[in-house]
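Undergrad: Sequence first, then the predicted structure:
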Amino acid sequence: MAGQGGQLGGQQVLLLPEGSNRLQGRDARWVNIAVAYAVAQAIRTTLGPKGMDKMLVSEMGDIVITNDGATILQEMNVEHPAAKIMVEIAKTQDKEVGDGTTTSVMLAGEMLKKAGELMDQNIHASTIVNGYKNAAAKANEILQRISYPVTVDDTETLEKIASIAMGSKTIGAGSAKDFLAKLVVRAVKQVAEKKDGKVEIDDDFIKVEKKEGGDINDTQYITGVVVDKEIVHSGMPKKIEHAKIALVDAALEIEKTETDAKIEITSPEQMQAFLNQEEKMLRDMVEKIAKSGANVVFVQKGIDDMAQHFLSKKGIAAIRRVKKSDMDKLAKATGAKIATSLDDLELKDLGAAGLVEERKIAGEQMVFVEKCRDPKSVTIFVRASTEHVVNEGERAIVDAIGAVSSAIEDGKFVTGGGSTEMQLAQQLRKYATEVGGREQLAIQAFADSLETVPRTLAESAGMDAIDTLVMLRMKHKTIEGKSFGVGVYSGKIEDMKKLGVIEPLKVKTQAIASASEATEMLLRIDDMISAKGRAPSMPPGGPGGMGGMGGMEGMD
Ligand code: ADP
Ligand code: MG
């Protein structure tokens, strides 16, 4: 890495176009640390159930009110590459676990800040990187040890996890949270599939559909799929019981010729014959659907007006231009096979639903496919008074789905409220003294960084942060005190296990892994070269010629 930098340095005039910026050594690190820390600071006040919300207004004037770390960072549109890396941490966390985004970014910010302080004491970056690496591995080990087991059948525990994951989002009173937690757990359990002794959950198959209106308690669990489309023709039935459903990935239209073909028609009879031919083709298509036995058809592409008419005559309800993702969900929910050609459509390909119904929700038609038998795809249909609340409700539910799925797949959970971070910090400090040397300072810094979680929770609850940390450290001296954390409602330190403040283990393992990896990556950078007109920083994503720069490797 240093060699490459030196080489670049030696030939700077040749390599870099005029006007490009360069930052090296301490300056490069300092800027990255400062930027990353600023990003973390920007979202820390949102942590926990007593955390605050942010209102973000886009250039277009669109408003987002949220407390979701990933959403805030995305809406902030940060420019600096180090800031973008912080956003990546949140995205990864969101993708991998679905919860814990604020925590992961805060940890990274704190680890970087502490690393900066060590560097000021002339501790080399690579010593810090090594220390952090070891600390992260050790933390993982400790986490496994202090976690508790949970299975897919442990509904009560899973509901607590769901409720805590939704905890910090403003979605009505406590009772609403419990109600939603039940829906979430029911949905996750429904789509969970056992594969070679392991439980797998593909949460793509839990659709979270939303519409403003009503209130959060009107949120529904649907044993099937809600499709945001209407039944195409007014003459078609709007409520079909014992639906037999065809899914068609083909157009119910006459395909237009690609090239400009000319059809010469010289007499009215010919015109009629031509139209008759078109009509016959459409009629045949509809006939094929009818023959399969279907009384509802979802079409991924378009449906010709004439075909709509024929379908309605046959009493078949049809929905057109259905999204591919919805088609897949419908297939999973109803057991239908998606037909790519009408010729392939057979009775055995049809799916079943107890009820297919078009309903008018907040002035718009939606099609509910429900009462499916043992559906492997379900929907949570979120309602709330305004658009902003519906959106935040959706984010809360998505977080909860992620948390519950992770807990089941991993089979483990830990206690929240900063208790796990406290216990980790305690044990890591002990480990640091065993390691000794300069590296122990880095491991200690890593341990201290973890305490940012209880500290922030205490601050958000209006507690004295220092007193709280001192009391927690006392409790955590022994393993028996491992579940003591910040009681944000009582304003005291409390046993989180008793309080039911629990989180999936994966929230913690992933947050620590991505925070420490990003930290290590940023610490390794000692040379930043950026194109003309950009801040003295790395070009985003390290394009072309600079892709091989030290430190940018292994970004993913
Ligand atoms: P993140 O984006 O990191 O999930 P949240 O705003 O959801 O951020 O806050 C999560 C933190 O809040 C976790 O440390 C969790 O343990 C804590 N927390 C959630 N509910 C409670 C509670 N009732 N009491 C104490 N801490 C809580
Ligand atoms: Mg959360």
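TA: Yep, it's here. Ligands and ions are numbered 1, 2, ... in the order given.
Undergrad: Within range of ligand 1, give me the residues from this structure.
TA: Within the chain, the residues that sit near ligand 1 (CB under 6 Å from any ligand atom) are 46-49, 51, 67, 69, 99-103, 164, 167-168, 416-418, 453, 457, 486, 488, 501, 503. Any C-beta I mention is one placed from the backbone N, CA and C, and that applies to glycine too.
Undergrad: so E387 sits right up against G213, yeah?
TA: No - with contacts defined as CB atoms under 8 Å, E387 does not count as touching G213, sitting 9.8 Å away.
Undergrad: which residues of the stretch 401-550 of the chain fall in helices?
TA: Under the criterion DSSP state H, counting those that start in this stretch, the stretch 401-550 of the chain contains helices at 419-435, 439-450, 452-460, 465-475, 496-499, 505-524.
Undergrad: want to try CSV for these, with mean pLDDT and mean neighbour count as columns?
TA: CSV is the format used below for the helices of the stretch 401-550 of the chain (pLDDT from 0 to 100; neighbours: other CB atoms under 10 Å):
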stretch, mean pLDDT, mean neighbour count
helix 419-435, 97, 22
helix 439-450, 97, 24
helix 452-460, 96, 24
helix 465-475, 96, 16
helix 496-499, 96, 18
helix 505-524, 93, 24
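Undergrad: Show me the one of those that comes nearest M119.
TA: helix 505-524 (8.3 Å; CB to CB).
Undergrad: Taking the stretch 401-550 of the chain, what residue is nearest to ligand 1?
TA: G416 (2.3 Å; CB to the nearest ligand atom).
Undergrad: can you give me phi and psi for that residue?
TA: phi -100, psi -150 (degrees, to the nearest 10).
Undergrad: number of nearby residues for it?
TA: Number of residues near G416 (other CB atoms under 10 Å) recorded here: 30.
Undergrad: Stretch 50-65 spans what distance, first to last residue?
TA: This stretch, stretch 50-65, spans 16 Å end to end (CA to CA, to the nearest Å).
Undergrad: just stretch 494-513 next, same as before
TA: 27 Å.
Undergrad: can you check stretch 199-215 too?
TA: Using CA to CA, the two ends of stretch 199-215 sit 34 Å apart.
Undergrad: just for the chain, where's the confidence low?
TA: Within the chain, the segments meeting pLDDT under 70 span 1-17, 168-174, 257-259, 532-556.
Undergrad: Domains in it, by residue range?
TA: As assigned by automatic domain parsing, the chain contains the domains 5-149+415-537, 151-222+377-410, 225-374.
Undergrad: Give me the next element, helix or strand, following the host helix or strand of R145.
TA: Following DSSP states H and E, the helix or strand that holds R145 is helix 125-146. Of the helices and strands lying after helix 125-146 in sequence (DSSP H and E), the nearest is strand 148-149.
Undergrad: Quick check: can you name the pairing partners of that following strand and their directions?
TA: strand 412-415 (antiparallel) (DSSP bridges).
Undergrad: quick one on the thing from earlier: out of the helices of the stretch 401-550 of the chain, which gets nearest to D120?
TA: helix 439-450 (11.9 Å).
Undergrad: Pull that closest one out as PDB, backbone CA atoms only.
TA: Written as PDB, here are the backbone C-alpha positions of helix 439-450 (Å, rounded to 0.1, in the frame of the first residue of the first chain):
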ATOM      1  CA  GLU A 439      -2.500  -3.500  20.700                       C
ATOM      2  CA  GLN A 440      -4.300  -3.600  24.100                       C
ATOM      3  CA  LEU A 441      -4.900   0.100  23.800                       C
ATOM      4  CA  ALA A 442      -6.800  -0.500  20.600                       C
ATOM      5  CA  ILE A 443      -8.800  -3.300  22.100                       C
ATOM      6  CA  GLN A 444      -9.700  -1.000  25.000                       C
ATOM      7  CA  ALA A 445     -10.700   1.700  22.600                       C
ATOM      8  CA  PHE A 446     -12.900  -0.800  20.800                       C
ATOM      9  CA  ALA A 447     -14.500  -1.700  24.200                       C
ATOM     10  CA  ASP A 448     -15.000   1.900  25.100                       C
ATOM     11  CA  SER A 449     -16.700   2.500  21.700                       C
ATOM     12  CA  LEU A 450     -19.400  -0.100  22.500                       C
END
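Undergrad: Alright, calling it a day.
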